[in-house]
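S.K.: Sequence below, structure please.
(one chain, ligands or ions: 1)
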Amino acid sequence: MRFSLNVDHIALLRNARGETQPDPVTAALLAEQAGVDGIVVHLREDRRHINERDLRLLRELITTKLDLEMAATDEIIKIACDVAPELATIVPEKRQELTTEGGISVIDNITKLKSAINDLHNSDIEVSLFIEPDIDQIDAAAQISSDYIEIHTGVFANAISEEEQFDELEKIRLAVKHAKKLGLGVNAGHGLNYQNIKIFRELADIDEVSIGQAVIARSVFVGLNQAIKEMINLIG
Ligand code: PXP
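M.R.: Numbering: from 1, shown residues only. Next comes the predicted model:
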């Protein structure tokens, strides 16, 4: 299982004072040195954390792999095609949300997503769709030639009982199996942390986990290098 680090929160902290530090690009370079397999950023419509300068510098400087989380809007698709990350992960975006709240409905947005995937593929960018662990959504993602899905793990992460956590893990296990059978790559993310990753890593067929909050929060106390190495050790 590969591990990509989301550095949006570094940019959020920088923007809190409207100044230049801490710089998410520096964080990404340090994260690569600590051993992550890729860097993830979400260029939001409101630019509340990552901005275009960050994105372009990351494209130029990182040597692992860039995963751009994005809404399927004309503006962001155009930027993505120009910057050419290795992967574009399409997420639903609501202006008021604190973070992405759940997966996108591929079924309800099939025409828009098909066109976005076409545009991104024409620029040699692989595409992932951030979805719930739902068989029908996975079928729809395969139907419109998505390369990957990213399974939303927020429900698993926020489960309040062991039973609920087990049920959600089972759903994810079936979703991974189904997606793999259809030839899709499978990533996962949202709410994964130093505790729940221990159970989650049993799902060995998952290609990559995308983690932000837990690792950036821990890095405040122990430093980015150690926070990343601890997570890499847990992922195994
Ligand atoms: N994957 C997606 C699609 C996300 O939107 C986010 C949050 O930015 C993550 C993964 C990482 O979630 P977290 O910050 O909770 O680790």
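S.K.: from here on, contacts and neighbour counts on C-alpha atoms
M.R.: OK.
S.K.: what element comes up after the longest helix along the chain heading to the C-terminus?
M.R.: What stands out as the longest helix in the chain, according to DSSP state H, is helix 162-181. Per DSSP states H and E, the first helix or strand lying C-terminal to helix 162-181 is strand 185-189.
S.K.: who does that following strand touch, helix- and strand-wise?
M.R.: Packing partners of strand 185-189 (3 or more C-alpha pairs under 8 Å, 6 or more residues apart in numbering; DSSP states H and E): strand 148-152, helix 162-181, strand 208-211.
S.K.: in the shortest one, what's buried?
M.R.: When you say that, I think you mean strand 208-211. 208-211 (16 or more other C-alpha atoms under 10 Å).
S.K.: and the ligand, which of the residues you listed reach it?
M.R.: 210-211 (C-alpha under 6 Å from any ligand atom).
S.K.: Turn the buried residues of strand 208-211 into a markdown table, columns for distance to Gln165 and pLDDT.
M.R.: Below are these laid out as a markdown table (distance: C-alpha to C-alpha, whole Å; pLDDT from 0 to 100):
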| residue | distance to Gln165 | pLDDT |
| --- | --- | --- |
| Glu208 | 20 | 97 |
| Val209 | 18 | 98 |
| Ser210 | 19 | 98 |
| Ile211 | 19 | 98 |
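S.K.: Pick the one among the buried residues of strand 208-211 closest to the ligand.
M.R.: For those, the residue nearest the ligand by C-alpha to the nearest ligand atom is Ile211; the value is 3.6 Å.
S.K.: mind listing what the closest one touches?
M.R.: Going by C-alpha atoms under 8 Å, 6 or more residues apart in numbering, Ile211 touches 3-6, 189-193.
S.K.: picking that back up, turn the buried residues of strand 208-211 into CSV, columns for distance to Ala142.
M.R.: Shown next, in CSV, are the buried residues of strand 208-211 (distance: C-alpha to C-alpha, whole Å):
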residue, distance to Ala142
Glu208, 18
Val209, 20
Ser210, 21
Ile211, 24
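S.K.: Near the ligand, which residues of the protein are found?
M.R.: So the chain meets the ligand at 91, 99-100, 130, 189-192, 210-214 (C-alpha under 6 Å from any ligand atom).
S.K.: Tell me the most packed of these, by neighbour count.
M.R.: Phe130 (26 neighbours; other C-alpha atoms under 10 Å).
S.K.: For it, grab phi and psi.
M.R.: Per-residue torsions, Phe130: phi -80, psi 110 (degrees, to the nearest 10).
S.K.: Across the sheet, point out what pairs with the closest residue to it other than its chain neighbours.
M.R.: Take Phe130 and drop its neighbours on the chain: the residue closest to it by C-alpha to C-alpha, 6 or more residues apart in numbering is Glu150, 4.5 Å away. Per DSSP bridges, the residues bridged to Glu150 are Phe130, Asn187.
S.K.: Can you give me every residue that contacts Glu150?
M.R.: 89, 128-131, 186-189.
S.K.: repeat that for 10 Å
M.R.: 89-91, 103, 127-133, 138, 176, 185-190, 206-210 (C-alpha atoms under 10 Å, 6 or more residues apart in numbering).
S.K.: can you pull out the strands in this structure?
M.R.: 2-6, 38-42, 66-70, 87-90, 126-131, 148-152, 185-189, 208-211 (DSSP state E).
S.K.: closest one to Asn233 among these?
M.R.: strand 2-6 (10.9 Å; C-alpha to C-alpha).
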